[in-house]
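Novice: any chance you could fold what I've pasted below:
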Amino acid sequence: MARILIVDDDPAILEILGAYLRAEDHTVLEAQDGLTGQARLVEADLAILDWMLPGISGLELARQQRQAHPDFPLLLLTARGEEEDRLHGLNVGADDYVTKPFSPREVVARVRALLRRARLHGRVSLGGLQLDEHARTAQLDGEDLTLSKLEFDLLLTLARHPGFVWSRDRLLDRVWGADFPGVERVVDVHMAGLRRKLQECPERPRFIETVRGVGYRFRDEP
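Specialist: Model prediction:
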């Protein structure tokens, strides 16, 4: 299961692809323009981008996302079927390319392949912190960290997107799940435990900063 963002200005495509992906037990996020898609990329594990979008093109979104997150899986949708166009899309950062009209089942199959490939990487290394999503292991300056499942998921979510401010309710949705009946205070409790294990100094945090009145973010340069 993954969180898949579909960015397309055609509601029919959003509806049909969303239905097929939900049938695979994925969580589907949607956007109908480039700016909204840009804002929602941080929530996703994989993105399906239409080439031509209002605001920012899917091609530009792919380029930006590839620069910021080299291992993030991207699938480009477009009516452009010429070889030169396909090569251009792949060269700017798309992992795969599907031309319109397309079979939703083919898109789902390509999504499966991209997710399998992404899981082979699944590693984050920042400022002395190493996380392996596949093995679910964490190290700090070469020493193993013993983290609970929630602590690991919290740290991985933050570390994957340095500089992005996560509100408490967004972290609840991302880590605990949309149906979790808890309150925002549970995020603070688990964050305090995580910071102790990271040996964080509250006045000068090495990794996780508190953004007053909003939530938390992982430092751009730990």
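Novice: for the rest of this, base every contact and every neighbour count on C-alpha atoms.
Specialist: Fine.
Novice: now the strands for this structure?
Specialist: Ranges of strands in the chain, per DSSP state E, are 3-7, 27-31, 46-50, 74-78, 96-99, 123-126, 129-132, 137-140, 143-145, 166-167, 208-211, 215-218.
Novice: walk me through which strands the third one pairs with, and which way each runs.
Specialist: Same thing as strand 46-50. strand 3-7 (parallel), strand 74-78 (parallel) (DSSP bridges).
Novice: and those strands, which one averages the lowest pLDDT?
Specialist: Of all the strands paired with strand 46-50, mean pLDDT reaches its minimum on strand 74-78 (a mean of 90).
Novice: so how far is that strand off the chain centroid?
Specialist: Remark: strand 74-78 is offset 16 Å from the chain centroid, using Cα atoms, centre = their mean, to the nearest Å.
Novice: any chance of the strands paired with strand 46-50 in JSON lines, plus mean neighbour count and distance to V183?
Specialist: JSON lines is the format used below for the strands paired with strand 46-50 (neighbours: other Cα atoms under 10 Å; distance: least, Cα to Cα, whole Å):
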{"stretch": "strand 3-7", "mean neighbour count": "25", "distance to V183": "22"}
{"stretch": "strand 74-78", "mean neighbour count": "24", "distance to V183": "34"}
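Novice: closest to A138 out of the ones you listed?
Specialist: Across the strands paired with strand 46-50, A138 has its closest neighbour in strand 3-7 (22.8 Å, Cα to Cα).
Novice: CA atoms only for the closest one, dumped as PDB, please.
Specialist: Taking Å, rounded to 0.1, in the frame of the first residue of the first chain, the C-alpha atoms of strand 3-7 are listed here in PDB:
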ATOM      1  CA  ARG A   3       0.000   7.100  -1.000                       C
ATOM      2  CA  ILE A   4      -0.200   8.000  -4.700                       C
ATOM      3  CA  LEU A   5      -0.700  11.500  -5.900                       C
ATOM      4  CA  ILE A   6      -2.500  12.000  -9.300                       C
ATOM      5  CA  VAL A   7      -2.100  15.400 -10.800                       C
END
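Novice: many thanks, we can stop here.
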